[in-house]
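Colleague: here is a sequence together with a model predicted from it:
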Amino acid sequence: MANGTVELTPAGRDSHAGHDPAATKVFGFWVYLMSDVILFATLFATYAVLSRNYAGGPSGKQLFDLRTVLLETAFLLTSSFTFGLAVLARNASRRDFLFISLGFTFALGIGFLGLEISEFARFVAAGDGPDRSAFISAFFALVGTHGLHVTVGLLWMVVLAWRIATGGLSAANRTRLALLGLFWHFLDVVWICVFSFVFLLGV
Amino acid sequence: MVHEQSGERGDGAESASLGSYLLGFALSIVMTAVPFALAIGQRLERTALVISVVVFAVAQIFVQLFFFLHLNSSGKWNRAALAYTALLVFILVGGSVWIMYHLNYNMMER
């Protein structure tokens, strides 16, 4: 019995299709992203339920500025594309193009975050902070959580750029770039839902 | 051994091309601009607007999944996890909206 196990193990491992460590890491990160989808789904459900509870405060129509929101969306969509360019630069092992496209992605992400923070600050300054109504609480929770994710993505981008600058395009750094790419494109997908369901249908 | 294999499928992004990124980017711009114009224009009645916005949002999610997240070149367990997550999202969001709508309806003063 023990002999059988010893003989089977090496052959079984070598023929195993999922042996590629990069693919395993990507799958693990994908499972994390799916759990993040559930987190956002609960926030969307909360928002959907509370989105008409104004408590005498402003509605989305009075609060939201669609031109700013469109600019935020343009920043995030374009940053998703420029991140794609960074992946292409990685595939071609061109570090110069990789840093340029990551730089553009980072700048667009900062632009998005700056617009979002200024919008939040405008709401709070007008007395329409999260404590104003259930609608605004749910809005800040949902959109703020997305903004927090973008912030983490930008920090990750800085750390990864530093690692590639010092350690080169090693196999580990290539995989890290792919993981950050999944994260960044995923945030784009969440923003599409925010843009459509919160802003477009909220005005 | 590991390094030789990493070019095969690895992280799903090795097969990406400039053409597919450009096409995905162009499609996502269109699918953002059209519902935005519809919402700004205020020409459609509410139900038609909601349906249009939802259709464009779902279409754009698929564009992002295939052109940017490379779902077609990733493993079948990635798709299985996504399908199950989609079911959970449907139950969470759909169920919450359904229950709370009827709660509001039944508690209205009539």
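Modeller: Yep, it's here.
Colleague: okay, CA-based contacts and neighbour counts for the rest of this
Modeller: Noted.
Colleague: who's in contact with the residue most central in space within chain B?
Modeller: Compute the mean C-alpha point of chain B, and by Cα atoms, centre = their mean the closest residue is B:I61, 2.3 Å away. When the contact criterion is Cα atoms under 8 Å, 6 or more residues apart in numbering or on different chains, the partners of B:I61 are A:V189, A:I192.
Colleague: let's see it at 7 Å
Modeller: B:I61 makes contacts with A:V189, as judged by Cα atoms under 7 Å, 6 or more residues apart in numbering or on different chains.
Colleague: secondary structure class for it?
Modeller: Look at B:I61: counting by DSSP: H, G, I helix; E, B strand; the rest coil, its state is helix.
Colleague: do you know the pLDDT at it?
Modeller: Listed pLDDT for B:I61 reads 96.
Colleague: quick one: neighbours of residue 64, just the number.
Modeller: Answering for chain A, as no chain was given. Residues lying near A:F64 (other Cα atoms under 10 Å in any protein chain shown) number 18.
Colleague: ah, no, chain B please
Modeller: Using other Cα under 10 Å as the criterion, B:Q64 is surrounded by 25 other residues.
Colleague: residue 39: which element?
Modeller: All of this is about chain A. helix A:21-50 (DSSP states H and E).
Colleague: I was after chain B.
Modeller: Under the assignment given by DSSP H and E, the secondary-structure element containing B:A39 is helix B:18-41.
Colleague: and that helix, what's buried?
Modeller: With burial defined by 16 or more other Cα atoms under 10 Å in any protein chain shown, the residues of helix B:18-41 counted as buried are B:Y21, B:G24, B:F25, B:L27, B:S28, B:I29, B:M31, B:T32, B:P35, B:F36, B:L38, B:A39.
Colleague: host element of A:F120?
Modeller: In this structure, A:F120 is located in helix A:95-125 according to DSSP H and E.
Colleague: which element is encountered next along the chain beyond that helix?
Modeller: Beyond helix A:95-125 in the direction of the C-terminus, DSSP H and E gives the next helix or strand as helix A:134-167.
Colleague: please name the nearest non-neighbouring residue to residue 68.
Modeller: Since no chain was named, I'll use chain A. Leaving aside its sequence neighbours, A:T68 sits nearest to A:L115 (Cα to Cα, 6 or more residues apart in numbering or on different chains; 7.2 Å).
Colleague: should've been chain B
Modeller: According to Cα to Cα, 6+ apart, the nearest residue to B:F68 is A:H185 (6.4 Å).
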